[in-house]
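Student: sequence and predicted structure, then a few things I'm wondering about:
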Amino acid sequence: MQRTLLSRLRTPLAIGVVGITLAACSTSPLGRSQLAFYPDDQLEQMGKQSFAQYQQKLPEIGGATYEYVQCVAHAITDEVPADAGIANWEVKVFKDDTANAFALPGGYIGVNSGLLDVTQNQDQLAAVIGHEVGHVLAHHANERVSTQAATQTGLSILQAAAGLDGAAGEQLMGLLGAGAQYGVILPFSRKQESEADKIGLDLMAQAGFNPRASIELWQNMAAQSQGAPPEWLSTHPSDQSRIQGLQARMDQAVPLYQQAQANGERPQCQR
């Protein structure tokens, strides 16, 4: 029975997957193939709306704290290639105790005040902001929503091909949905996080921030992440996996940093 079911599913699923892949195939800055269904202007509009909602939800912080974060962020975004199509980046600091930051399509950067309790200096903050900007440059938001859309389409094809409805159909969709979540969507997100780490490491080094501080940052984060879920159940790589990935790229990042320093790129962002 299992073999019969698989044979019934194989052809329509293959047709659907091939159609999706041919319709929306692109390449990340590091050469990885990715899905991208949505036009850039649509993602930029979504980014603008999301940023506005965040501004409505949380109070903003100004003064010296804002100037410090803006200094670091602008040093990073000055290294963004012109072909990224983002001329101006809007930076905000939000009063929130969680150690988090984000960047959105269209050029929006948000930093929570709680992150400043974890990042001990400008270089560690640059590692975080560089990582978040890396997500934007790699079009990860587009890839994420496109992957979820493709996954949902694939599950619908499977259910229709199996000819199941009612309780049996719901059970099949539940099993397939769990498999997609842990076998496709979450691992895909981990790839994105690791890719953003590498792009961000290069950006911070080109801006004149010490890339070695990224290791110290994740050691700080590891000390605060006790009880985190296992990596295979998380959208993010484990702290140790991140540290290993960053260490593996340090031979490339350090020369970029040294060249930037020689060219006079020496940020002096004061907390």
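Tutor: Sure thing, it's come through. Only a predicted model underlies this, so the values are computations on that prediction, with no experimental measurement involved.
Student: please count neighbours and contacts with C-alpha atoms only from this point.
Tutor: OK.
Student: near Ser189, how many other residues are there?
Tutor: 19 (other Cα atoms under 10 Å).
Student: other SSEs contacting the helix or strand that contains it?
Tutor: In this structure, Ser189 sits in helix 186-206 according to DSSP states H and E. When contacts are defined as 3 or more Cα pairs under 8 Å, 6 or more residues apart in numbering; DSSP states H and E, helix 186-206 sits against helix 122-137, helix 239-262.
Student: now it, how far from the chain's geometric center?
Tutor: 7 Å (Cα atoms, centre = their mean, to the nearest Å).
Student: buried stuff in it?
Tutor: For helix 186-206, the neighbour count (16 or more other Cα atoms under 10 Å) marks 186-190, 192-206 as buried.
Student: how about residues contacting that helix?
Tutor: Helix 186-206 is contacted from outside by 30, 76, 79-80, 123, 126-135, 138, 140, 144, 210-211, 214, 232-237, 242, 245-246, 249, 252-254, 256-257, 259-260, using Cα atoms under 8 Å, 6 or more residues apart in numbering.
Student: now that helix: average pLDDT?
Tutor: Across helix 186-206, the average pLDDT comes to 85.
Student: could you dump that helix to CSV, C-alpha only?
Tutor: Extracted C-alpha coordinates of helix 186-206, given in CSV (Å, rounded to 0.1, in the frame of the first residue of the first chain):
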residue,chain,number,x,y,z
LEU,A,186,13.5,25.1,9.7
PRO,A,187,16.7,23.8,8.1
PHE,A,188,16.2,26.3,5.3
SER,A,189,16.1,29.1,8.0
ARG,A,190,19.3,27.8,9.5
LYS,A,191,21.0,28.0,6.1
GLN,A,192,19.8,31.6,5.9
GLU,A,193,21.2,32.4,9.4
SER,A,194,24.6,30.9,8.6
GLU,A,195,24.7,32.8,5.3
ALA,A,196,23.8,36.1,7.0
ASP,A,197,26.6,35.4,9.5
LYS,A,198,29.1,35.2,6.7
ILE,A,199,27.8,38.2,4.8
GLY,A,200,27.7,40.3,8.0
LEU,A,201,31.2,39.3,8.9
ASP,A,202,32.5,40.6,5.6
LEU,A,203,30.5,43.8,5.9
MET,A,204,31.7,44.6,9.4
ALA,A,205,35.3,43.9,8.4
GLN,A,206,35.0,46.1,5.4
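Student: so Ala64 is in contact with Val93, correct?
Tutor: No: checked against Cα atoms under 8 Å, the pair Ala64 and Val93 is beyond contact range at 10.9 Å.
Student: the two - which one has more neighbours?
Tutor: The residue with more neighbours, out of Ala64 and Val93, is Val93; 24 against 11, by other Cα under 10 Å.
Student: quick check, that one in a strand?
Tutor: Yes: counting by DSSP: H, G, I helix; E, B strand; the rest coil, Val93 is found in a strand.
Student: pretty sure it contacts Leu116?
Tutor: No: the criterion here is Cα under 8 Å, and Val93 misses it with Leu116 at 10.1 Å.
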